[in-house]
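1. Provided below for reference: sequence and predicted model.
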Number of protein chains: 2
Amino acid sequence: MKEIKISIVGFGSIGRGLAREVIEKRDFLLRKGYDLKVVAVVDKNGSEIDKNGLDLANVLDKNEFSYNKTALDVIYEIKQDIMVECTPSNITDGNPGLSHILAALNSKINVATSNKGPFVVAYDKIMESANKNNVSVGYEATVGGAIPIVNLVKSNIRADKILSIEGILNGTCNYILTRMQKEELDYDEALSEAKELGIAETDESYDVEGIDTASKLVILANSLMDMNVKYTDVEVDGITRITQEALMLAEEIDCTIKLIGEINKDEHLLRVSPRLVPFNHPLSVGGTLNVIMLNTDIAGEITITGKGAGSKETSSAILSDIINIADERL
Amino acid sequence: MKEIKISIVGFGSIGRGLAREVIEKRDFLLRKGYDLKVVAVVDKNGSEIDKNGLDLANVLDKNEFSYNKTALDVIYEIKQDIMVECTPSNITDGNPGLSHILAALNSKINVATSNKGPFVVAYDKIMESANKNNVSVGYEATVGGAIPIVNLVKSNIRADKILSIEGILNGTCNYILTRMQKEELDYDEALSEAKELGIAETDESYDVEGIDTASKLVILANSLMDMNVKYTDVEVDGITRITQEALMLAEEIDCTIKLIGEINKDEHLLRVSPRLVPFNHPLSVGGTLNVIMLNTDIAGEITITGKGAGSKETSSAILSDIINIADERL
């Protein structure tokens, strides 16, 4: 039996979803030989700490946390194998996630995270720090939600060169465009519906202006295609000017309109833009689904589709990273 | 630089395709730190051997091999890190592949293979032998061609339980059905076309009667779903009775007909059968493509599509296994 002590830093939707899955999957993981214990939970309102493992059901029920320790306190003071960073993404300076991740790595604590921001602004720095300290960083959950795209390429397509990547990487935009086409809603109606359903944030600009998709492209380009790019290298256009009429015209030629992120290494192209996609094309997936199509030199095209968001689905990626780190390091 | 000495046992379409990719990817692999050398090539007509690495371009050009050493001679006598088994699949007793694989494992030689037969008849025995001898077996290429389904689940979806798998696992059947629908060919016409193009074998029964798909289900069930099943546990129906009229009727309700393999663990169901699939369903992929849809408890549905056959594409899976084995064992 391998004991894995983790902290959860950031206890919003993702962090709470992870806590629920840690409870849900306890027996399954024990049968596989992993005794996963959450020794600390922290968010901006305080922390819960138990070095023998918290009662997570109890923690999830609390309105107020018992301790005042901050994220950095928890990272520096609480013995843990893996720090799971789930604070909100910030692609301007990566913080607070970046400071948490670097603090953990420099304290020789492994990291698993769903937080895109740090990898958009400081991918190299994070990887250098992990290597120097001989610890691992899992960031599968930063791109594509439940789709295991990062590790798929890193672990399972070892001999291929990834020539290009195209995909739908933002479920909110995909939901809005799908509803505009299927229900003949206009943009504002579909956006309102997405907000009501909790699919879009109160400030939707991050999604609909293509910023989220562009951030994910930067991570894919740097980590899977040996590129060295930053956010400003991406041409970004969002879906705010797509009209219901445009979708109807597309439909007349058996096409839909999707917000596609694309990376082409040889052409040094990184672009987010609404594109016409034939209905029978692999990228034509509906609702909140994400899809990623790899074009490689030996295998040709490989397309993977799955749920791109959702706290439960994101937990699949985080837990998988946690187990892989445990196998490698503990 | 890590030196990897391999033998290629079976030098038909797959073995020759692998040899071509070993030449093609030599510089790429050297840059990644792998010096891949083929020290022996053997098929039923003889062998070529060079303990310092064969000149593969020269070997590919030969009509006759220089040595009389058999596969077992090569396995027992030639120093190698990985034996790559590419002989034709035989699901009755698994041989000759099974005897080659067990000989290699018992000689503490790692194995990578595209050969389904041994895993259909003796999955447990192979795994036990690998464990006992502390060597690895890569069999990614046995299912789904270039689609990295085995390692995707084993390495990257670690915390999920695979509840069910559905997929199109035979490119020949998919090609025939696609042509029958799109070009309004009857079954015999589409089959003849597939044979002319080299997509179907001279004896097509293995493909069109669903035997190939059923074999792959057995491998997926045993290796990814902790089941313990054999070929005779699969209900098998093929595509030979599908008429062009049936496909036209399906089209009237926006459906196509696909040969679907399915595994449901809780229902202890393994079945290969032609099924109606809506055009906009993830399983509705055309031509020779394969597709595999996983339904898991946390991530939900994950679908992966790619080229299911072809000697070049299969090399992607074999080479990826070789590199993973080298990382783990050499």
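-> Looks like it came in fine.

2. need the contact list for the spatially most central residue of chain A.
-> Centroid-nearest residue in chain A, with C-alpha atoms, centre = their mean: A:Thr142, separated by 2.2 Å. Contact criterion C-beta atoms under 8 Å, 6 or more residues apart in numbering or on different chains gives A:Thr113, A:Ser114, A:Asn115, A:Lys116, A:Phe119, A:Val150, A:Lys216, A:Ile219 as the residues in contact with A:Thr142. For the C-beta atoms, the positions are set from N, CA and C on the backbone; glycine is no exception.

3. again, only using 10 Å
-> With contacts defined as C-beta atoms under 10 Å, 6 or more residues apart in numbering or on different chains, A:Thr142 is in contact with A:89, A:113-120, A:149-150, A:215-216, A:219-220, A:223, A:314, A:317.

4. quick check, A:Glu262 in a strand?
-> Yes. With DSSP: H, G, I helix; E, B strand; the rest coil as the criterion, A:Glu262 is located in a strand.

5. ok, the residue lying closest to A:Ala221 once chain neighbours are set aside to chain B distance?
-> What sits nearest to A:Ala221 in space, not counting adjacent residues and going by C-beta to C-beta, 6 or more residues apart in numbering or on different chains, is A:Met227, at 4.2 Å. Summarising the geometry, the distance separating A:Met227 from chain B, computed by C-beta to the nearest C-beta, to the nearest Å, is 15 Å.

6. go on, A:Leu152?
-> Looking at A:Leu152 against chain B, where the rule is C-beta to the nearest C-beta, the gap reads 6 Å.

7. repeat for A:Ser66
-> Shown here: A:Ser66 relative to chain B, a distance of 28 Å by C-beta to the nearest C-beta.

8. I'd say that residue and A:Val42 touch.
-> No. Applying C-beta atoms under 10 Å, one finds A:Ser66 not in contact with A:Val42, separated by 11.2 Å.

9. neighbours around the residue nearest to A:Ala221, how many?
-> A:Met227 is flanked by 17 other residues according to other C-beta atoms under 10 Å in any protein chain shown.

10. and what of A:Leu60?
-> 14.

11. my read: it touches A:Arg20, true?
-> Yes. Under the contact definition of C-beta under 10 Å, A:Leu60 touches A:Arg20, with a separation of 6.9 Å.

12. Looks to me like the residue nearest to A:Ala221 is in a strand.
-> No. According to three-state DSSP, the state of A:Met227 is coil, so it is not within a strand.

13. Now do the contacts for it.
-> With contact set as C-beta under 10 Å, 6+ apart, A:Met227 has these partners: A:Ile162, A:Leu217, A:Val218, A:Leu220, A:Ala221, A:Asp233, A:Ile263, A:Lys265, A:His268, A:Leu270.

14. Setting aside sequence neighbours, what's the nearest residue to the first one?
-> Read that as A:Ile162. In space, and not counting its chain neighbours, A:Ile162 is closest to A:Met225: 5.1 Å by C-beta to C-beta, 6+ apart.

15. picking up where we left off before, and chain B, which of the contacts of A:Thr142 reach it?
-> Restricting the contacts of A:Thr142 to those within reach of chain B (C-beta under 10 Å from any C-beta of the partner chain) leaves A:Ile149, A:Val150, A:Thr314, A:Ala317.

16. who's sitting farthest from the centroid in chain A?
-> Relative to the centre of chain A, the most outlying C-alpha is that of A:Glu252, 34.8 Å out, by C-alpha atoms, centre = their mean.

17. Can you name the residues that contact A:Val121?
-> A:Asn90, A:Ile91, A:Thr92, A:Asp93, A:Gly94, A:Asn95, A:Gly97, A:Leu98, A:Ser215, A:Val218, A:Lys230, A:Tyr231.

18. and what of A:Leu249?
-> A:Leu249 sits next to A:Thr243, A:Cys255, A:Ile257, A:Leu276 when contact means C-beta under 10 Å, 6+ apart.

19. Of those residues, which belong to strands?
-> Among those, the members falling in strands are A:Cys255, A:Ile257, A:Leu276 (criterion: DSSP state E).

20. what about the second one, how many neighbours?
-> Other residues near A:Ile257 come to 20 when the count uses other C-beta under 10 Å.

21. picking that back up, would you mind putting the ones in strands among the contacts of A:Leu249 into JSON lines with pLDDT and distance to chain B alongside?
-> Supplementary listing: these in JSON lines, determined by pLDDT from 0 to 100; distance: C-beta to the nearest C-beta, whole Å:
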{"residue": "A:Cys255", "pLDDT": "96", "distance to chain B": "14"}
{"residue": "A:Ile257", "pLDDT": "97", "distance to chain B": "16"}
{"residue": "A:Leu276", "pLDDT": "97", "distance to chain B": "17"}
